[in-house]
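Colleague: Have a look at this prediction, sequence included:
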Amino acid sequence: MYFVYVLKCSDNTLYTWITTNLEKRLKQHNGDILGWAKYTKARQPVELIYFEKSENRSKATKREIEIKKLKRQQKLDLVDNFKK
């Protein structure tokens with residue numbers, strides 16, 4: 001199982017990626033355990049604001065690319081719909 005996720009960083013930017021372990025990855029992004037991403041290291045703390053499950057890496061990667069191509073407001077709309 002893969003997850004596509006969006007983080008809100010402390011500087012209000014959005015970061016999108018994929019993982020197989022969402023809880024562990026969030027801890028890495030926040031510097032709680034080793035394995036941080038260069039982008040989020042300088043923008044901690046980060047908050048998980050969106051995620052979706054994907055059955056395999058290929059589908060997760062395709063969805064990640066789709067989300068990354070969205071404009072900021074479209075990403076925020078996706079997040080708003082997720083919270084409802």
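Modeller: Ah, there it is.
Colleague: Mind jotting down where the strands sit in the chain?
Modeller: For the chain, strands defined by DSSP state E occupy the ranges 2-8, 14-19, 47-54.
Colleague: Tell me which of the ones you listed lies nearest to residue 39.
Modeller: Proximity to residue 39 (C-beta to C-beta) singles out strand 14-19 among the strands of the chain, at 6.0 Å. (C-beta placed from N, C-alpha, C; glycine too.)
Colleague: For the strands of the chain, give me JSON lines that also has distance to residue 36.
Modeller: Putting those into JSON lines (distance: least, C-beta to C-beta, whole Å) gives the following:
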{"stretch": "strand 2-8", "distance to residue 36": "12"}
{"stretch": "strand 14-19", "distance to residue 36": "12"}
{"stretch": "strand 47-54", "distance to residue 36": "15"}
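Colleague: Deepest-packed of those strands, please.
Modeller: strand 2-8 (a mean of 22; mean count of other C-beta atoms under 10 Å).
Colleague: one step back: which stretch among the strands of the chain comes nearest residue 77?
Modeller: Nearest of the strands of the chain (C-beta to C-beta): strand 47-54, 10.6 Å.
Colleague: Name all residues that make contact with the closest residue to residue 47 other than its chain neighbours.
Modeller: Nearest residue to residue 47, sequence neighbours excluded (C-beta to C-beta, 6 or more residues apart in numbering): residue 8, at 4.8 Å. The contact partners of residue 8, taken as C-beta atoms under 8 Å, 6 or more residues apart in numbering, are 14, 46-47, 49.
Colleague: try 10 Å this time
Modeller: Residue 8 is in contact with 14-15, 43, 45-50, 75-76, 79, counting by C-beta atoms under 10 Å, 6 or more residues apart in numbering.
Colleague: and which of these is nearest to residue 24?
Modeller: Closest to residue 24, out of all of the contacts of residue 8 and judged by C-beta to C-beta, is residue 48, at 12.1 Å.
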